[in-house]
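S.K.: Here is my input, please return the structure:
(5 chains)
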Amino acid sequence: MEMTGTLATIGYGLACIGPGIGVGIIFGLGVQAIARQPEARGILQGQMILGMAVIEALAILGFVLAFIQAG
Amino acid sequence: MEMTGTLATIGYGLACIGPGIGVGIIFGLGVQAIARQPEARGILQGQMILGMAVIEALAILGFVLAFIQAG
Amino acid sequence: MEMTGTLATIGYGLACIGPGIGVGIIFGLGVQAIARQPEARGILQGQMILGMAVIEALAILGFVLAFIQAG
Amino acid sequence: MEMTGTLATIGYGLACIGPGIGVGIIFGLGVQAIARQPEARGILQGQMILGMAVIEALAILGFVLAFIQAG
Amino acid sequence: MEMTGTLATIGYGLACIGPGIGVGIIFGLGVQAIARQPEARGILQGQMILGMAVIEALAILGFVLAFIQAG
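M.R.: Below you'll find the model as predicted:
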């Protein structure tokens, strides 16, 4: 067997690095913020979900792109 | 099957690394700032959205570029 | 023996870098938050699991993609 | 299909890693600074915009270069 | 000598980067949390083991994938 596969899989893998770390930072620091101000939990959680959504969208775009450009 | 695909997918994947981490830092530290000053939430959220927009633009440019230069 | 294998394995490997670090940040900072506010453990743990789920999903998508695009 | 694409897209992707993280650090720490000194918001925001502009320029130069050198 | 080997080994190697750092962050920050709240050791240790398990699984999946796709 020769080397096979498509660069698209590598592209998706790279597209996961930033979002994986970024969402981790949001929820890690967010959990600490909630521990300090439990009564503001609703507002804080809203911000965390908002940040998570815009970041996660980047990885999902990479997933779509990997299918389109798999060749 | 041979190796297939386009370098454009890899380019988009790389373009997601920085923005993914960067937006995560903004929202992670931003959530902590809101927890400390809940009454300044409007001002802080405005700054967070502004920073998010200029960073997210970089990844979106990479997405556009990946389509243009897919070959 | 020549070089063999598929780029799909490399793609999955890359897709693990971000989620591995990200989930680590969530649970590391989350454990510290629980140590400071043990009575809020239920709420904090819920946030940690939520963040873990959305991040882990990225790596699992990479695992699926590696099988689909192995060639 | 063979492997296609241009190294220019990869170049732009790499050019986004630093600026994405850098602008994120500026706005993340900047938001915390504003939360601590809300009355100095104008001065702080000016510094943040200045830092963002010089960093963002690096990625935009990479975008221009990717078009010129796509071959 | 020609270049030999399989891309599968590289894929597994990459799959270890994130989990290695991530589990390190969990246990490093977790040990500090236990030092601050020794009486909550049982709860904290449970969270650390949970986080470690979901991260370690990513690398183990990479190990399995490397065997399947070694060619």
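S.K.: Please point out which parts of stretch A:47-57 sit buried.
M.R.: Using 16 or more other C-beta atoms under 10 Å in any protein chain shown as the test for burial, stretch A:47-57 gives A:47-48, A:50-52, A:54-56. Every C-beta, even on glycine, is put in place using the N, C-alpha and C of the backbone.
S.K.: ugh, wrong one, stretch A:29-45
M.R.: Using 16+ other C-beta under 10 Å as the burial criterion, the residues of stretch A:29-45 that qualify are A:29-35, A:37, A:40-41, A:43-45.
S.K.: Please say whether there is contact between it and chain B.
M.R.: Yes: counting by C-beta under 8 Å from any C-beta of the partner chain, chain B is contacted by stretch A:29-45 at A:29-30, A:32-34, A:36-37, A:40, A:43-44.
S.K.: Could you pick out which of the residues you listed are located in helices?
M.R.: A:29-30, A:32-34, A:36, A:43-44 (DSSP state H).
S.K.: Redo those residues as JSON lines? Include pLDDT.
M.R.: Putting these into JSON lines (pLDDT from 0 to 100) gives the following:
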{"residue": "A:Leu29", "pLDDT": "97"}
{"residue": "A:Gly30", "pLDDT": "97"}
{"residue": "A:Gln32", "pLDDT": "96"}
{"residue": "A:Ala33", "pLDDT": "96"}
{"residue": "A:Ile34", "pLDDT": "96"}
{"residue": "A:Arg36", "pLDDT": "93"}
{"residue": "A:Ile43", "pLDDT": "92"}
{"residue": "A:Leu44", "pLDDT": "95"}
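S.K.: Pick out whichever of those sits closest to chain D.
M.R.: Of all those, A:Leu29 has the smallest distance to chain D: 9.3 Å, by C-beta to the nearest C-beta.
S.K.: I'd say the closest one and B:Ala35 touch.
M.R.: No: using C-beta atoms under 8 Å, A:Leu29 is not in contact with B:Ala35; the gap is 9.5 Å.
S.K.: which one of the ones in helices among the residues of stretch A:29-45 next to chain B is nearest B:Ile10?
M.R.: Distances from B:Ile10 to those, taken as C-beta to C-beta, are shortest for A:Leu29 (30.4 Å).
S.K.: Could you list which residues are in contact with the closest residue to that closest one other than its chain neighbours?
M.R.: The shortest distance from A:Leu29 to any non-neighbouring residue, by C-beta to C-beta, 6 or more residues apart in numbering or on different chains, is to B:Gly28 (3.6 Å). When contacts are counted by C-beta atoms under 8 Å, 6 or more residues apart in numbering or on different chains, B:Gly28 touches A:25-26, A:28-30, A:51, D:28.
S.K.: Now render those as a markdown table, adding distance to C:Ile10.
M.R.: Formatted as a markdown table, those follow (distance: C-beta to C-beta, whole Å):
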| residue | distance to C:Ile10 |
| --- | --- |
| A:Ile25 | 26 |
| A:Ile26 | 28 |
| A:Gly28 | 28 |
| A:Leu29 | 31 |
| A:Gly30 | 32 |
| A:Gly51 | 29 |
| D:Gly28 | 32 |
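S.K.: wait, which of the residues you listed is closest to chain E?
M.R.: Nearest to chain E among the contacts of B:Gly28: A:Gly28, at 8.9 Å, using C-beta to the nearest C-beta.
S.K.: any idea how far chain D is from the closest one?
M.R.: Per C-beta to the nearest C-beta, to the nearest Å, A:Gly28 is found 13 Å from chain D.
S.K.: My read is that A:Ile26 contacts C:Leu50, right?
M.R.: No: contact criterion C-beta under 8 Å: A:Ile26 and C:Leu50 do not qualify, at 11.0 Å.
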